[in-house]
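> please work out how this folds:
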Amino acid sequence: MKGQKWEHIPVVKLSLLLEEKSWFNGSFRFSNEMTKEQWDNRENILPVPESPRSVFITIPYKYAKVSFHVFFSNRGTFDIQYRQEIQTKKVRKRTARTLSEAVSKIESAVAILIPMMEIRSEKLKEQAKQIERRKKVREKLQEEWGCTICGKQKYGEDEGMWSYFITEDFKIMFTLKDDKNTENPLLEIYALDGHFTSQDMKRFIDVLATSSTAVAARMGV
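Numbers count the residues shown, from 1 in each chain. Below you'll find the model as predicted:
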């Protein structure tokens, strides 16, 4: 195969050097989604692909992860950009003139980020437990009520918002007030949509008036 070998592409050489490091347990994604097999077979691909100029590096740490985007510039430098999974100003864009310098700067950035990754990991671990608890409560309620409860993500992180609806115009939306109480869960209604008769409203009022939690609240318990 004529032309540049895969192993000689600068960002590929960087990935190979990183893989040799005992501290590195990450993964790579090259620009254009290029793979070694595609590169070795590039003469049979139209249009003929260019060599990847950048690589996305993802390094997991327990429940967390950090990522870097490394671009090989026309100046022959490696421009290293930290991707903000963890918000910090301690790791800024870095430039390396050699492969060994690029590896060293990525390693030093990871060392700075590890304490923050530890904190992030603990939060994600607790979040995973929370999601599992809510899943069990939702399954329990569906079995007791004999209906489907729809889940909706809250803040893009957990399934904390539930709803039961007949149509989009008639629905009740609620949350789990305390997800650690999975045996006797308390539910908090935050929206009730629909058009109801006075008799329907009377039934709602009766439920509200006789609710054990409402009675306890009135008695100051």
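> could you give the average pLDDT over the lengthiest helix in the chain?
Assignment by DSSP state H gives helix 99-145 as the longest helix of the chain. Over the span of helix 99-145, the pLDDT mean works out to 90.
> same deal with stretch 35-52?
Confidence over stretch 35-52 (mean pLDDT, whole number) is 83.
> and it, end to end?
Length of stretch 35-52, first residue to last, CA to CA, to the nearest Å: 9 Å.
> buried set for it?
For stretch 35-52, a neighbour-count test (16 or more other CB atoms under 10 Å) marks 39, 42, 51, 52 as buried. For every residue, glycine as well, the C-beta is placed using N, CA and C.
> with stretch 167-182 instead?
Buried residues in stretch 167-182 (16+ other CB under 10 Å): 172, 173, 174, 176, 179.
> ok, now stretch 141-149?
Taking 16+ other CB under 10 Å as the basis for neighbour counts, the residues of stretch 141-149 that come out buried are residue 141.
> give the contact list for residue 114.
Residue 114 makes contacts with residue 61, as judged by CB atoms under 8 Å, 6 or more residues apart in numbering.
> and if we set it to 10 Å?
Neighbour list for residue 114: 23, 61, 64, 66, 121 [criterion: CB atoms under 10 Å, 6 or more residues apart in numbering].
> count of residues packed around the residue nearest to the first one when sequence neighbours are not counted?
The shortest distance from residue 23 to any residue other than its chain neighbours is 6.6 Å, reached at residue 107 (CB to CB, 6 or more residues apart in numbering). When counting by other CB atoms under 10 Å, one arrives at 13 neighbours for residue 107.
> I'm done for today, thanks for sticking with me.
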